[in-house]
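> Sequence first, then the predicted structure:
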Amino acid sequence: MLTAVCLRYQGLLRLASEILQDFYSTLLPVGPVPALYDYPYSVQAFNQNRGTMYFNVHVLEALKDKPVLRLLAEWYVTYCHELAHNTEAGHNQRHENVMHILLVRSLEHYGRLLESYRDKYGTRTVAEAVAT
Ligand SMILES: [Zn+2]
């Protein structure tokens with residue numbers, strides 16, 4: 001049983017790492033590669049010291065019944081949100097403007113990434129994707 005739990009968690013880590021590495025290398029490679037952390041609350045991600053992004057693996061558990069493409073979309077917006085904190089620490093109009101620019105600039109790259117994930121995962125949920 002413990003082995004099964006570990007393997008399942010390992011699958012979530014693999015999927016999360018794949019998504020973050022793809023974002024980093026194809027969208028906006030700024031600063032260090034985003035890292036993963038496990039925090040038992042709904043904080044999706046945070047940006048430490050205007051440069052290092054952390055994404056919460058725990059959130060994947062809540063999204064396990066959602067399609068992988070939904071996770072990709074949510075983390076795409078979150079990635080741009082956290083990256084905007086490199087410019088503006090607060091949540092204000094300036095942060096929103098920077099985030100908007102980042103979303104628009106990377107949209108074409110995101111579209112190609114979305115197509116590749118659609119080809120790879122189709123309509124599979126996060127749970128189904130990590131089980132294979
Ligand atoms: Zn924020």
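Sure thing, it's come through.
> now what about stretch 46-61, what contacts it?
12-13, 15-16, 20, 31-32, 34-45, 71, 75, 78-79, 82-83, 85-87, 89, 126 (CB atoms under 8 Å, 6 or more residues apart in numbering). Backbone N, C-alpha and C define where each C-beta goes, glycine included.
> And it, how far out from the chain middle?
9 Å (CA atoms, centre = their mean, to the nearest Å).
> so what pLDDT did the residue most central in space within the chain get?
Central residue of the chain (CA atoms, centre = their mean): Trp75, 3.4 Å from the mean position. At Trp75, the pLDDT value in this model is 91.
> helices and strands around the least confident helix or strand in the chain by mean pLDDT, which ones?
For the chain, the helix or strand with the lowest mean confidence is helix 2-26, at a mean of 78 (criterion: mean pLDDT, DSSP states H and E). The helices and strands touching helix 2-26, judged by 3 or more CB pairs under 8 Å, 6 or more residues apart in numbering; DSSP states H and E, are strand 35-37, helix 58-62, helix 68-84, helix 93-121, helix 126-131.
> Pick the most buried one from these.
helix 68-84 (a mean of 20; mean count of other CB atoms under 10 Å).
> what's the angle between that helix and helix 93-121?
Angle, helix 68-84 to helix 93-121, by axes from the mean of the first three to the mean of the last three CA atoms, to 10 degrees: 150 degrees.
> and helix 68-84 with helix 2-26, angle?
Here helix 68-84 runs at an angle of 60 degrees relative to helix 2-26 (the same axes, to 10 degrees).
> what's helix 68-84 packed up against?
helix 2-26, strand 45-48, strand 52-56, helix 93-121, helix 126-131.
> can I get these in a markdown table with distance to Leu63?
Putting the helices and strands packed on helix 68-84 into a markdown table (distance: least, CB to CB, whole Å) gives the following:
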| stretch | distance to Leu63 |
| --- | --- |
| helix 2-26 | 10 |
| strand 45-48 | 13 |
| strand 52-56 | 11 |
| helix 93-121 | 13 |
| helix 126-131 | 6 |
